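S.K.: Dropping the sequence and predicted coords here.
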Amino acid sequence: MDLLLSFSPFDFLVEPLSYEFMRRALIVSALVGGVCGLLSCYLTLKGWALMGDAVSHSVMPGVVIAYALGLPFSLGAFVFGVGSVALIGFVKQKSRIKEDTVIGLVFTGFFAFGLVLVSKIKSNIDLMHILFGSPLGISNSDVSQTLIISFIVVSLLILFRKDLMLYCFDATHARSIGINTGLLHYLLLSILSLAAVVGLQTVGIILVVAMLITPGATAYLFTDRFDRMTFLAVLFSAISSILGVYFSFWLDIETGGSIVLVQTLMFLIAFLFAPKYGILKTKHNIST
Amino acid sequence: MNSSFDHNVNESLSIDAYQVCVDYHGTVALYDASLKLASGSICGLVGMNGAGKTTLFNALMGFVRPSRGVIRINGKSVSEAQRDQIVAYVPQSDGIDSSFPISVWDVVMMGRYGGMNFLRIPRESDRKAVLHALERVNLLDFIHRPIGTLSGGQRKRAFLARAIAQRASVLLLDEPFSGIDVRTEKLMSELFIQFRNEGRTILVSTHDLSHVREFCDLVVLINKTVLAYGETSEVFTSENLSLTFGGMQPDPISGSAAPEEYF
């Protein structure tokens, strides 16, 4: 902390920008934060937090295989992300096991497979980078993959904004007026897989679920309007990614952990002090 | 009832089901259900839990395909009716997420989605229809309120407004009278009468017999099949009710009768 206090805020913000790897890390983290923040609104409202965790863990073997074959890692990750979702749906439909059990069963299986692959495939894959992310060491090709996937995710979420909102709110009504809810279900799951792919670059597989739910949960405590919720979630998420990278630089701490910790702190502040739904405010309302 | 296997389509009927069977993975939920409801009626759908009320709703909305039988809505097939948004479903208020960050206006506007373009951008006619619908259910003062801040009765009216905005001619209501105050009940029954006079058909699922006597012109009694339907005064006989609730009717699949405690 001494190190932090000895700098002016200007130095704190500007000095890291003289390093190219920091400029790149800040841009990528902010972008990934914004994209995941936007999606997090749908996931928290739909109650898909566990699904987010499942998909992000399930991409592990895909990443390893893609690296081993020299393919873009996002391709492998996406295939395994969607594959896990399809498998979860299949097992749930064909057996009497409850959904949360099936989700837990499938994603741990995929994740374990990934771990075994890493230990067996001789390559220069750094397990720590996959598990915990490495935005400070991101390569140019990873940056372009992130840009492309982010563009796809944001475009889909904007194009299907109202339909997805209706699907999350009242799927029965959507079906009754002829909207294909099965398609929306798999669209949202595909978007989730893509977002998990970009998210794992900055915070890694283990913590990516935080990027996919925390901003939405924080924003949800501030507003009763969906539009404002999405705006706030994107804002909170991008800011916490940027702050997280700065703290990581100055305090020499793990970047993914730093980003998620800032997000969690923001949630904590909202939980306590949000004007309408913070717990301190709620007590005040009851006493008056 | 209808003994002929040649089923003629009658377009003046709003709901016309003929020998409808629905099964879920081999478990029979509804068998040989036949009924004819004329347009412009308030009809109670009465049965125990598990008697097939929800299954019948699902079949009318096209969510489940009958394994046998024919359903016609305003003379159209179920998929055509779905495409033309003839059928609106009004959920139980505890069946939806009331903490969803969405305003009354947005909820009612969802009734118009089916007629909008791909991006669901409202036109002037959509806005007018939403305003009109909110006026009908007396919720204009709540237009910008989040749906979660409404009382149970107000929320039900908001969903009724969505069905009005949809211009649906068949309304399926799931337990509309559960958990509402007397004032809302009166307002809703007045609305139902207005809807009936406009030629809409309202099918109300309930297990509360007093409400049926009070509000419904017609009643459909079901227990895995349609036991009886018609004018409330004629259908509400003690014999029919005991078939519906008493478990006198043996289940044709397992041969067992429903348990006595439901009586």
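M.R.: Everything's here; your move.

S.K.: okay but B:Arg183 is in contact with B:Arg157, surely?
M.R.: No. When contacts are counted by C-beta atoms under 8 Å, B:Arg183 is not listed as touching B:Arg157 (11.2 Å). The C-beta positions use only the backbone N, C-alpha and C, and glycine is treated the same way.

S.K.: more crowded one of those two?
M.R.: Under the criterion of other C-beta atoms under 10 Å in any protein chain shown, the comparison of B:Arg183 against B:Arg157 puts B:Arg157 first, with 26 against 9.

S.K.: Make sure A:Gly244 is actually in contact with A:Ser258.
M.R.: Yes. With contacts counted by C-beta under 8 Å, A:Gly244 reaches A:Ser258, the gap being 4.3 Å.

S.K.: neighbour count winner among those two?
M.R.: A:Gly244 (28 against 22).

S.K.: what does the stretch 1-150 of chain A put close to chain B?
M.R.: Selection of the stretch 1-150 of chain A residues close to chain B by C-beta under 8 Å from any C-beta of the partner chain yields A:Leu45.

S.K.: in the stretch 1-150 of chain A, what spans have low per-residue confidence?
M.R.: A:1-7, A:122-124 (pLDDT under 70).

S.K.: roughly how far is stretch B:48-64 from the heart of the chain?
M.R.: 10 Å (C-alpha atoms, centre = their mean, to the nearest Å).

S.K.: who's in contact with it?
M.R.: A:172, A:175-176, B:15, B:17, B:20, B:22, B:24, B:29-30, B:33, B:45, B:47, B:66, B:71, B:73, B:78-79, B:81-82, B:87, B:89, B:170, B:172, B:174, B:203, B:205, B:207, B:222-225, B:244-245, B:258, B:262 (C-beta atoms under 8 Å, 6 or more residues apart in numbering or on different chains).

S.K.: Repeat the analysis, applying 7 Å as the threshold.
M.R.: A:175-176, B:15, B:20, B:22, B:29-30, B:33, B:45, B:47, B:66, B:71, B:73, B:78-79, B:82, B:87, B:89, B:172, B:174, B:205, B:207, B:222-224, B:245, B:262 (C-beta atoms under 7 Å, 6 or more residues apart in numbering or on different chains).

S.K.: With stretch B:172-184 instead?
M.R.: Against stretch B:172-184 from outside (C-beta under 7 Å, 6+ apart): B:57, B:60, B:87, B:89-92, B:95, B:152-153, B:156, B:185, B:188, B:202-206, B:208, B:211.

S.K.: swap in stretch A:15-34?
M.R.: Applying C-beta under 7 Å, 6+ apart, the set of residues contacting stretch A:15-34 is A:135-136, A:138, A:143, A:146, A:150, A:198-199, A:201-202, A:211, A:234, A:237-238, A:240-242, A:245-246, A:249, A:259.

S.K.: what distance separates it from the centre of its chain?
M.R.: Using C-alpha atoms, centre = their mean, the offset of stretch A:15-34 from its chain centre is 17 Å.

S.K.: Quick check: buried residues in that stretch?
M.R.: A:16, A:22, A:24-34 (16 or more other C-beta atoms under 10 Å in any protein chain shown).

S.K.: B:Gln19: which element?
M.R.: strand B:13-24 (DSSP states H and E).

S.K.: actually B:Ser189, not the one I typed
M.R.: helix B:182-197.

S.K.: angle of the helix or strand following that helix against helix B:182-197?
M.R.: Past helix B:182-197, further along toward the C-terminus, the next helix or strand under DSSP H and E is strand B:201-206. Per axes from the mean of the first three to the mean of the last three C-alpha atoms, to 10 degrees, the angle that strand B:201-206 makes with helix B:182-197 is 140 degrees.

S.K.: Appreciated, that's everything.
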